[in-house]
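Chemist: quick one, structure for this:
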Amino acid sequence: MSENPITIYIDADACPVKDEVYKVAARHGLKTFVVANSFINIPRDPRIERVIVNDAPDAADDWIVLRVARGAIVVTADVPLAARAVKLGADVIAPNGKPFSESSIGMALATRNLMQDLREAGATTGGPRPFSPRDRSAFLSALDLAITRLKRAGFGV
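Modeler: Have a look, this model is predicted:
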């Protein structure tokens, strides 16, 4: 086992790409934590671990943030969690394949906060577009790219 392992953390409650993560993680032999507020089925694989946290707000986010650092990959659509993980040096990827980075997270947070304010003011914002096969493909590409980049940086080897 590597002294600098690559570890994947899935913010799993509403994640549409868990199966894709399992396949990619298995191919690369990576430890994966599936973090949720309730029971979620996972494959029988010793490298995949189910973590059930309490139902307090942000309990899954807090569990993940306490463990991530450089060499971790976080899969989440939760922009505040993404911001916290990016600040700690993790690679963060949304299920649609969009990577969050130090240069993009500020705008993502501002957009999220603006949309939340509009919804609270009663505006109809329409919500996110439906998840598509193109999103799934973009996610797989982004995940492979993140793993390759981390391996080149000396993680997981």
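Chemist: in the protein, what residue spans correspond to helices?
Modeler: 18-28, 59-65, 79-87, 105-120, 133-152 (DSSP state H).
Chemist: turn the ones you listed into CSV, including mean pLDDT and distance to residue 50.
Modeler: The way it works is simple: take the backbone N, C-alpha and C, and place the C-beta from them, glycine included. Shown next, in CSV, are these (pLDDT from 0 to 100; distance: least, Cβ to Cβ, whole Å):
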stretch, mean pLDDT, distance to residue 50
helix 18-28, 96, 11
helix 59-65, 96, 12
helix 79-87, 93, 18
helix 105-120, 62, 28
helix 133-152, 96, 20
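Chemist: with distance to residue 71 added, can I get those in a markdown table?
Modeler: Shown next, in a markdown table, are these (distance: least, Cβ to Cβ, whole Å):
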| stretch | distance to residue 71 |
| --- | --- |
| helix 18-28 | 13 |
| helix 59-65 | 14 |
| helix 79-87 | 12 |
| helix 105-120 | 19 |
| helix 133-152 | 6 |
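Chemist: these: which one's closest to residue 4?
Modeler: helix 133-152 (8.7 Å; Cβ to Cβ).
Chemist: name the residues of that closest one that are buried.
Modeler: Within helix 133-152, the residues that qualify as buried by neighbour count (16 or more other Cβ atoms under 10 Å) are 135, 136, 138, 139, 140, 142, 143, 146, 147, 150.
Chemist: now render those residues as JSON lines, adding distance to residue 28.
Modeler: Formatted as JSON lines, these follow (distance: Cβ to Cβ, whole Å):
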{"residue": "135", "distance to residue 28": "21"}
{"residue": "136", "distance to residue 28": "18"}
{"residue": "138", "distance to residue 28": "19"}
{"residue": "139", "distance to residue 28": "15"}
{"residue": "140", "distance to residue 28": "13"}
{"residue": "142", "distance to residue 28": "14"}
{"residue": "143", "distance to residue 28": "10"}
{"residue": "146", "distance to residue 28": "11"}
{"residue": "147", "distance to residue 28": "6"}
{"residue": "150", "distance to residue 28": "10"}
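Chemist: and those, which two are the farthest apart?
Modeler: Maximum pairwise distance among the buried residues of helix 133-152 (Cβ to Cβ): 22.4 Å, between 135 and 150.
Chemist: re the thing from before, which of the buried residues of helix 133-152 sits closest to residue 30?
Modeler: residue 147 (7.4 Å).
Chemist: what sits against that closest one?
Modeler: By Cβ atoms under 8 Å, 6 or more residues apart in numbering, residue 147 lies in contact with 6, 24, 28, 30, 73, 156.
Chemist: appreciated, that's everything.
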